[in-house]
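Asks: Have a look at this prediction, sequence included:
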Amino acid sequence: MAKDMKVALLLDFYGDLLTDKQRDSLDFYYNDDLSLGEIAANLGISRQGVRDNIKRAEAVLLDMEERLNLAAKFAEIKQRLASVRNALDVIDQRNIRIYRSNEINESIKLILSELDRLDKLNE
């Protein structure tokens, strides 16, 4: 089984929709990098049971992402916030070199503060 790191991200978004054993199996497999045998020993089930849990759970997570698209929207929001931050940095540098405007500087501080708040909401 090749590890798809997208599943680890989807686990963060949709993990509560899984059974405890499915969630634990994925968490051990993707986040703790345990083998099927190690997970089986931790959960008190067979290696095949662990594999089945992982496969079923992956299918649920991928289906939920296909339906809701939350992880993709999250990634896009993070990318757009980074773009705004980069554009703001260009404006700040130009203000420092050319305009030296306190009004622009205060606006930049306000926008940065709002970006920080959005970043915290998006964690």
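Replies: Arrived safely. All values derive from a computational prediction rather than experimental measurement. Residues are numbered from 1 along each chain as shown.
Asks: My read is that Lys21 contacts Leu43, right?
Replies: Yes - between Lys21 and Leu43 there is a contact at 6.2 Å, judged by CB atoms under 8 Å. (Glycine included, C-beta is placed from N, CA and C.)
Asks: what residues does stretch 104-123 touch?
Replies: Phe74, Ile77, Lys78, Leu81, Val84, Arg85, Leu88, Ile91, Asp92, Asn95 (CB atoms under 8 Å, 6 or more residues apart in numbering).
Asks: how many neighbours does the second one have?
Replies: Using other CB atoms under 10 Å, Ile77 has 14 other residues around it.
Asks: just for this structure, where's the confidence low?
Replies: 1-2 (pLDDT under 70).
Asks: Following the longest helix along it in sequence, what is the next regular element?
Replies: Counting residues, the longest helix found in the chain (DSSP state H) is helix 70-94. Per DSSP states H and E, the first helix or strand lying C-terminal to helix 70-94 is helix 102-121.
Asks: That next one: how far from the chain's middle?
Replies: Offset of helix 102-121 from its chain centre (CA atoms, centre = their mean, to the nearest Å): 23 Å.
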